[in-house]
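Asker: When you get a sec, could you give me coordinates for this:
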Amino acid sequence: MVMEIVCPAGTPAAMRAAVSAGAHTVYCGFADETNARNFPGLNFGRNEMREGIAFAHAHGSQVLIAINTFPRAGDEGPWHRAVADAQSCGANAVILADIGLLDYAARHHPDLRRHLSVQAAAANADMINFYADTFGVKRVVLPRVLSVPEIAAINAETAVETEVFVFGGLCVMAEGRCSLSSYATGLSPNMNGVCSPASHVDYHNDNGVLDARLGGYTIHRVQKDKPAPYPTLCKGCFSTTDKTGHLFEDPVSLNAEQLIPQLQKAGVTALKIEGRQRSRSYVAQVVRNFRAAVDALEAGQPMPEGMLARLSEGQAMTTGAYKKTWR
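Answerer: Next up, the predicted model:
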């Protein structure tokens, strides 16, 4: 069975580009606070979503709608309406993180397929089986902290489909559990859609030295004419008693394209590409590459490689936790 390619779409144009490039499945969100990528200029109005899903279905692709933020206590209405609208728009599934919203969807929209968001941080078979038994979850998006053998062990103990990230921005913490950005900015990534929000990023030039700051904290300091990474805390430079450097992870992008055969053997159902904030050109290029890779694997042919280097952060890549231990 061909591994499913799950591709991002932050706009109707990106959705059409992903579908035209060969995406098996596209994931997207409504233009409101129910979506963890609720940025200006991104996402879908209800009519845009309905039209986009019709286009995708007409070309043989599926659409998943991410309703993956956590409802405010006492004000669940927008999230409940989003679930209902996802079904009426024709979505193939919704991606949910909040346990209360999962319960609501299971009770009020039982025919709408439910996937568990990476924001739920379900990283072992016991947790996954609980969500499946209690809320009828059919697929879980695994956090980016697991090795390939750990993923294989999970799949051996659950019948729930697993979806893993293979390209794009790399979160080195357990998604949904990290408080670094909240501490520095006062904004929760679970509600505001991104750690290190651009509104709290500042660059300051001091006598030829460029400081990259987040919430007033200096995260990187580089010499003139050197590239300054975006100030994400877990990819920042820190000083300890014996060294200064990237203690958690370098500022690089995830690229696990050459691990696709191993992930297939580990029982993974779907390969997820990060990047709903990216351009339609980016989306199309990444989708074509991964579609060619899974098609080659299915045909028993060598997979193409090296096509995505220039699309990665700092043109540097890592396989993340898939092949290494933490520092």
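Asker: my read: residue 114 touches residue 140, true?
Answerer: No. Under the criterion of CB atoms under 8 Å, residue 114 makes no contact with residue 140, lying 10.2 Å away. Glycine gets a C-beta too; all of them are placed from N, C-alpha and C.
Asker: Comparing those two, which shows the higher neighbour count?
Answerer: residue 140 (27 against 22; other CB atoms under 10 Å).
Asker: these two touch, right, that one and residue 162?
Answerer: Yes. Assessed by CB under 8 Å, residue 140 is found in contact with residue 162 at 5.9 Å.
Asker: who touches residue 43 in this structure?
Answerer: By CB atoms under 8 Å, 6 or more residues apart in numbering, the residues touching residue 43 are 10, 11, 28, 29, 30, 31, 32, 35, 37, 276.
Asker: what's the closest non-adjacent residue to it?
Answerer: residue 31 (3.9 Å; CB to CB, 6 or more residues apart in numbering).
Asker: thinking the one you found is in contact with residue 45, fair?
Answerer: Yes. Using CB under 8 Å, residue 31 is in contact with residue 45, at 5.8 Å.
Asker: Comparing the two, which shows the higher neighbour count?
Answerer: residue 31 (20 against 12).
Asker: Mind naming the longest helix for this structure?
Answerer: For the chain, the helix with the greatest residue count under DSSP state H is helix 280-298.
Asker: got the buried residues for that one?
Answerer: By neighbour count on 16 or more other CB atoms under 10 Å, the buried set for helix 280-298 is 280, 282-295, 297.
Asker: Can you list the residue ranges for strands in the stretch 1-150 of the chain?
Answerer: Secondary structure of the stretch 1-150 of the chain (DSSP state E, counting those that start in this stretch): strands at 4-8, 25-28, 62-67, 93-96, 114-116, 139-141.
Asker: can you put those in a markdown table and add distance to residue 204 and mean pLDDT?
Answerer: Compiled in a markdown table, these are given as follows (distance: least, CB to CB, whole Å; pLDDT from 0 to 100):
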| stretch | distance to residue 204 | mean pLDDT |
| --- | --- | --- |
| strand 4-8 | 32 | 96 |
| strand 25-28 | 36 | 98 |
| strand 62-67 | 35 | 98 |
| strand 93-96 | 38 | 98 |
| strand 114-116 | 41 | 98 |
| strand 139-141 | 37 | 98 |
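Asker: so can I have CSV of those showing distance to residue 228?
Answerer: Formatted as CSV, the strands of the stretch 1-150 of the chain follow (distance: least, CB to CB, whole Å):
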stretch, distance to residue 228
strand 4-8, 25
strand 25-28, 31
strand 62-67, 30
strand 93-96, 33
strand 114-116, 36
strand 139-141, 31
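Asker: which regions of this protein sit below the pLDDT cut-off?
Answerer: The chain contains residues with pLDDT under 70 at 170-177, 191-193, 247-252, 305-320, 323-327.
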